[in-house]
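Peer 1: build me a model from this:
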Amino acid sequence: MSAPNLDDLRLLFFNRGGEQYDGEPVTHLEHALQSAHLAEQADATAELITACLLHDIGHLLSRRSGTPTLEGIDDTHQRLGAMYLRGLFAPAVSEPIRLHVEAKRYLCRVDPAYHDNLSEDSKRSLKLQGGVFTEVQAATFILQPGARDAVALRVWDDRAKQPGLRTPPLEHFLGYAARCQIDRASRAAA
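Peer 2: Got it, this is the predicted structure:
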């Protein structure tokens, strides 16, 4: 799979972003924009704002339709998305994306109330994704590069499901993504 460019991302959101985010009251694009907006409001880095915008891009890349969790399927969208973006962005963007599912498992371990506030679809996917981390798994997870950013991303991800919430447009957040791109020479070597 060759590295995408910003036009590829723009086209992906144009073609699939208006689809309902399965199991949630927003579209994929609304969810992405709300996640990035929450990160921006928290003065996150350009890399983390970009990761928030693109954290569920794996869902848009998938040919699967419907709600995978209702079929008992973990679509591993986090790995697909991180792999797809790896040639365009440095690990400061791709690692929080790759780790945001594990961040949910971590948060359920360190904050038992966190689980109670998950949407029904997130609770179903948690089971499919391995369930709540053990103490050892949680301690190991948080030491990984990108894990703390993945936890922040995950918190915003959970809050980014508000129907009708106004946010800046996609182009606004693609401006952050443009600043985070790795240079062409680095991409050719990747």
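Peer 1: can we go C-alpha only for contacts and neighbour counts from here?
Peer 2: Will do.
Peer 1: so where's the chain uncertain?
Peer 2: Within the chain, the stretches with pLDDT under 70 are 1, 63-75, 184-190.
Peer 1: quick check: longest helix of it.
Peer 2: In the chain, with assignment by DSSP state H, the single longest helix is helix 91-110.
Peer 1: mind giving me the packing neighbours of it?
Peer 2: helix 46-54, helix 77-85, helix 112-116, helix 135-141, helix 147-159 (3 or more CA pairs under 8 Å, 6 or more residues apart in numbering; DSSP states H and E).
Peer 1: pull out the buried positions in that helix.
Peer 2: 91-109 (16 or more other CA atoms under 10 Å).
Peer 1: what's the residue closest to the geometric middle of this structure?
Peer 2: For the chain, His55 is the residue whose C-alpha lies nearest the centre (CA atoms, centre = their mean; 1.8 Å).
Peer 1: how about that one, nearest residue that isn't a chain neighbour?
Peer 2: Distances taken as CA to CA, 6 or more residues apart in numbering place Ile97 nearest to His55, at 4.8 Å, with adjacent residues excluded.
Peer 1: separation between the one you found and Leu126?
Peer 2: Distance, Ile97 to Leu126, using CA to CA, to the nearest Å: 16 Å.
Peer 1: surely Gly146 meets Arg98?
Peer 2: No - look at Gly146 against Arg98 with CA atoms under 8 Å: they stay out of range, at 9.0 Å.
Peer 1: quick one: the residue lying closest to Leu99 once chain neighbours are set aside and Ile142, what's the gap?
Peer 2: Excluding the flanking residues, the one nearest Leu99 by CA to CA, 6+ apart is Ala150, at 5.7 Å. Separation of Ala150 from Ile142 (CA to CA) stands at 9 Å.
Peer 1: those two: who's more crowded?
Peer 2: A direct count of neighbours by other CA atoms under 10 Å for Ala150 and Ile142 places Ala150 higher, at 30 against 17.
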